[in-house]
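Student: here is the input, now give the coordinates:
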Amino acid sequence: MSQDVQLDSVTMRFGAVTAVRNVSLTIRAGEFFSFLGPSGCGKTTILRMISGFMEPTEGAIRIGGRDMRGIGPNKRPTALIFQNLALFPLMTVAENIGFGLEVRGIPSADRKARVRQLLDLVALPETADKKVTELSGGQRQRIAIARALAVEPAVLLLDEPLSALDLKLRQHMRAELRDLQKRTGVTFIYITHDQGEALTMSDRIGVMSRGVLEQVGDGRSIYDHPETSFVASFVGENNRFAGTVADADATRAALDTPYGRLVGRNPRNLRPGDRATLYVRPERVTAGAEAENILESRVTHRDFEGAFINAFLEGDITVQIPHVGAEPPFTPGQPARIAFRADDAVVLPE
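Tutor: Next up, the predicted model:
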């Protein structure tokens, strides 16, 4: 059975360095939850505290309502898949999967039945007698998951398990992982710096920066409604216009910028005089259309990326145009008039 995981004001210090700062969060039973952030933001430290390899300096971690303080990794209802997978190269696939069961004293016949069941689950029944060195990268990923699931954890912890794979295989394994999680119902806690992985697989995402949990939400809300400047900058691409709030109410803020007055949503209740930045996604900017926000710049160059074309304008402005076969409206060296709706932009404090 899956279990929920509660972090209650969890802080982790290493000497003078605070790696995780006052994180409170409940990860629901049966949820696929991802911690997303750059290297060094504290996400792996959180995973190691949940798994029992570290004890928090302050705060409490509860799994299924039970306080985990003082309970070692081998006594917790968790299993951890490391970035390097840590499979045993001299063992067969079946021996790798059954290793944890053997350590727990499970009889041989029961171990074999469980291994067969798990190989069917990860769609690799024919690999039981192979050495793991004979498998492809994607197959090894699935065997590592099968080995972790063998001990029937309530919570499966995954520390960037796809980072060593090439792009195509990584995209395939995203779907595989999500499907496995749905079929098993186990709580998955996933660590990644890859926003595509987090947005594709997760029920909810926690975005971290410098040990602080900046925002928690589903992929759509994280992408469309960032709550901090870090989230707006880190998740996806954004055009940024810095300035001073000239006018504001409960829903919108008008910002005086080098491009004139620009208007966007005001989720942080900014007031006139506040320094702030307006963010708008490149795909929400259009050529010459009428909207609340209109500005002019000059096209520097264009990049063709297959499904879309990126046009780059002076002032570090990017416009993303779907590639539909026609000549795009932005010509390098020429002036361009662009527009975007206020509802497609957000104004956030610096």
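Student: Glu227: neighbour count?
Tutor: By other CB atoms under 10 Å, 18 other residues sit near Glu227. Heads up, the C-betas are built off the backbone N, CA and C, glycines and all.
Student: domains of the chain?
Tutor: 5-229, 238-349 (automatic domain parsing).
Student: and the helix or strand Ile191 falls within, what does it pack onto?
Tutor: Using DSSP states H and E, Ile191 sits in strand 187-192. Applying 3 or more CB pairs under 8 Å, 6 or more residues apart in numbering; DSSP states H and E, one finds that strand 187-192 contacts strand 32-36, helix 43-51, strand 155-159, helix 167-184, helix 195-201.
Student: so which of the ones you listed comes closest to Ile143?
Tutor: Shortest distance between Ile143 and the helices and strands packed on strand 187-192, using CB to CB, is found for helix 167-184: 12.1 Å.
Student: which other helices and strands does the closest one contact?
Tutor: Identification of packing neighbours for helix 167-184 by 3+ CB pairs under 8 Å, 6+ apart yields helix 108-121, helix 137-150, strand 187-192, helix 195-201.
Student: so for it, what gets flagged as buried?
Tutor: For helix 167-184, burial by neighbour count (16 or more other CB atoms under 10 Å) applies to Leu169, Arg170, Met173, Arg174, Glu176, Leu177, Arg178, Leu180, Gln181, Thr184.
Student: so how far is Ala232 from the last one?
Tutor: Just to be clear, that refers to Thr184. Using CB to CB, to the nearest Å, Thr184 is found at 35 Å from Ala232.
Student: ditto for the fifth one
Tutor: From Glu176 over to Ala232 the distance is 31 Å, taken as CB to CB.
Student: read off the pLDDT value for Met1.
Tutor: On the pLDDT scale, Met1 is placed at 65.
Student: how about Leu90, what does it touch?
Tutor: Residues in contact with Leu90, defined by CB atoms under 8 Å, 6 or more residues apart in numbering, are Lys131.
Student: report the separation between it and Gln141.
Tutor: The value you get for Leu90 to Gln141, if CB to CB is used, is 19 Å.
Student: okay, the residue positioned nearest the centre of the chain: pLDDT?
Tutor: Centroid-nearest residue in the chain, with CA atoms, centre = their mean: Ala198, separated by 3.1 Å. On pLDDT, Ala198 comes in at 94.
Student: right, and it touches Leu36 too?
Tutor: Yes. Taking contacts as CB atoms under 8 Å, Ala198 lies within contact range of Leu36: 4.3 Å.
Student: which residues do those two both contact?
Tutor: By CB under 8 Å, 6+ apart, the residues touching both Ala198 and Leu36 are Thr192, Ile205.
Student: circling back: with distance to Ala336 added, can I get the helices and strands packed on helix 167-184 in JSON lines?
Tutor: Shown next, in JSON lines, are these (distance: least, CB to CB, whole Å):
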{"stretch": "helix 108-121", "distance to Ala336": "53"}
{"stretch": "helix 137-150", "distance to Ala336": "44"}
{"stretch": "strand 187-192", "distance to Ala336": "36"}
{"stretch": "helix 195-201", "distance to Ala336": "28"}
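Student: which among those is found nearest to Gly211?
Tutor: strand 187-192 (14.3 Å).
Student: tell me what the helix or strand harbouring Val245 is packed against?
Tutor: Using DSSP H and E, Val245 falls within strand 239-248. Packed against strand 239-248 by the contact rule (3+ CB pairs under 8 Å, 6+ apart) you find strand 252-257, strand 260-265, strand 275-280.
Student: tilt between that strand and strand 260-265?
Tutor: In terms of direction (axes from the mean of the first three to the mean of the last three CA atoms, to 10 degrees), strand 239-248 departs from strand 260-265 by 90 degrees.
Student: strand 239-248 - which strands sit beside it in the sheet, and in what orientation?
Tutor: Neighbouring strands of strand 239-248 in its sheet, by DSSP bridges, are strand 252-257 (antiparallel), strand 275-280 (antiparallel).
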